[in-house]
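In: Let me see the structure of the following:
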Amino acid sequence: MKMFEELKAKNINFKNRIIMPPMASSKADENGHISKEILDYYEEKTSHGLFSLVIVEHNFIDSLGQASERQVSIADDTSIEGLKKLAKVIKGNGSLAVVQINHAGSSARKDLIGQSPVGPSEIKNPSQKQVELPRELTIDEIKDIEDKFADAALRVKEAGFDGVEIHSAHGYLLNQFLSPLTNKREDEYGGDIKGRIKIHLEIIKKVREKVGEDYPIFLRLGVGDGKEAGLSQKDAVYAAKAFEKRGVDVLDISGGMCLYFSDDDYPGFFDYLSKPIYDEVDIPVILTGGVKAGKDIEDILKRNVCDLVGVGRAVFKDSNWMEREINSLMEN
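Out: Residues are numbered from 1 along each chain as shown. Got it, this is the predicted structure:
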């Protein structure tokens, strides 16, 4: 079966094609540090040793970019020791370990961050029902955020993880820059797709400078916005190819501004978003969504829409799902 085949990429090798995607657990302590609760959670989810890769839930890079209570922080060096423990748990169970780093932008709540949220433009986040009107970021603030992403990536490496994932999906800050729904800037960080991905390209460049040439960089890309005036397929492909050229090693495809899930709840329901990118890039592509049975993983891979399949909600709900489903496939 294809799902059990190895995949060798430029900077990272996968023992099979099954990954655990990032899913917020809200189990960090009150300071955003790794707690015993979160260590136990990842131990339980990965103890079967069947995932080739585990992408740890989004860590906020700056206090202004915190998305929710008890989210994990990677905003300063005090986070590193706890993350080292988490890396040991996941890698000790036989999986590669990657941390997703993120800034919530206009998805952040004023009552949580203590001030009005920020965004590329003064436009309410259409992916959220109750949010403040964000303050438009200045150029200097954008460059500071770029630096904070790079600093966070270095902390991921120092904590012993096998790679870092930059989050640009699900209505968060980098997705807000990418989408024409929320980016109405008239300077170098707005306008056409070249301007709207400038912050991404600068972050990738700065992260690469911090972590070195051989350290794997993933990018989660929100490809569809769920609205007619949103990100076009043409622009999504352009962005994916530009990120590959700049040095991203793996693309993790998901929905964008207003498209976290699909009403068409079939296995791999975002395959129509991943297929055009899969056909145009030469780096591994991850697709997550709708997997309910072990055979769904194989079915998605056979469609030639991705290289790796994420199993998220099924494992979130049932820690024994992987072992049961994979063993069943092996028996048959």
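
In: Looks to me like Tyr41 is in a helix.
Out: Yes: Tyr41: assigned to a helix according to DSSP: H, G, I helix; E, B strand; the rest coil.

In: Hmm, Lys27 and it touching each other?
Out: Yes: Tyr41 lies in contact with Lys27 (CB atoms under 8 Å); the separation is 5.6 Å. All C-beta spots, glycine's among them, are computed from the backbone N, C-alpha and C.

In: mind checking which helix or strand of the protein has the lowest mean pLDDT?
Out: helix 321-331 (a mean of 86; mean pLDDT, DSSP states H and E).

In: who touches the closest residue to Arg246 other than its chain neighbours in this structure?
Out: With CB to CB, 6 or more residues apart in numbering as the criterion, Arg246 has its nearest non-adjacent residue at 4.5 Å, and that residue is Ile204. Ile204 makes contact with Ile166, Ile217, Leu219, Phe243, Arg246, Gly247, Val248 under the criterion CB atoms under 8 Å, 6 or more residues apart in numbering.

In: Closest one to Leu154 out of those residues, please.
Out: Ile217 (12.0 Å; CB to CB).

In: quick one: pLDDT of that closest one?
Out: At Ile217, the model reports a pLDDT of 98.

In: So which bits of stretch 146-159 are buried?
Out: Using 16 or more other CB atoms under 10 Å as the test for burial, stretch 146-159 gives Glu146, Lys148, Phe149, Ala150, Asp151, Ala152, Ala153, Leu154, Arg155, Val156, Lys157, Ala159.

In: got these as TSV, with secondary structure and pLDDT columns?
Out: Shown next, in TSV, are the buried residues of stretch 146-159 (DSSP: H, G, I helix; E, B strand; the rest coil; pLDDT from 0 to 100):
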residue	secondary structure	pLDDT
Glu146	helix	98
Lys148	helix	98
Phe149	helix	98
Ala150	helix	98
Asp151	helix	98
Ala152	helix	98
Ala153	helix	98
Leu154	helix	98
Arg155	helix	98
Val156	helix	98
Lys157	helix	98
Ala159	coil	98
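
In: Include distance to Glu188 when you put the residues you listed into JSON lines, please.
Out: Converted to JSON lines, these look like this (distance: CB to CB, whole Å):
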{"residue": "Glu146", "distance to Glu188": "13"}
{"residue": "Lys148", "distance to Glu188": "19"}
{"residue": "Phe149", "distance to Glu188": "18"}
{"residue": "Ala150", "distance to Glu188": "19"}
{"residue": "Asp151", "distance to Glu188": "23"}
{"residue": "Ala152", "distance to Glu188": "23"}
{"residue": "Ala153", "distance to Glu188": "23"}
{"residue": "Leu154", "distance to Glu188": "26"}
{"residue": "Arg155", "distance to Glu188": "28"}
{"residue": "Val156", "distance to Glu188": "28"}
{"residue": "Lys157", "distance to Glu188": "29"}
{"residue": "Ala159", "distance to Glu188": "33"}
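
In: List just the nearest of those to Glu81.
Out: Using CB to CB, those come closest to Glu81 at Ala159, 8.1 Å.

In: Hmm, Thr78 and that closest one touching each other?
Out: No: shown here, Ala159 and Thr78 do not form a contact pair, counting by CB under 8 Å, at 11.8 Å.

In: looking at the contacts of Ile204, which has the most residues close by?
Out: Leu219 (29 neighbours; other CB atoms under 10 Å).

In: ok so, going back, which one of the contacts of Ile204 sits closest to Ala97?
Out: Nearest member of the contacts of Ile204 to Ala97, counting by CB to CB, is Ile217, at 14.6 Å.

In: The closest one and Phe270, how far apart?
Out: 21 Å (CB to CB, to the nearest Å).

In: again, but for Pro276
Out: Taking CB to CB, one finds Pro276 at 12 Å from Phe270.

In: who's more crowded, the two?
Out: When Pro276 and Phe270 are compared for neighbours, Phe270 comes out ahead with 23 against 17, by other CB under 10 Å.

In: can you tell me which residues contact that one?
Out: Val223, Gly224, Ile253, Ser254, Gly255, Ser262, Leu287, Thr288, Gly289.

In: Noted, bye for now.
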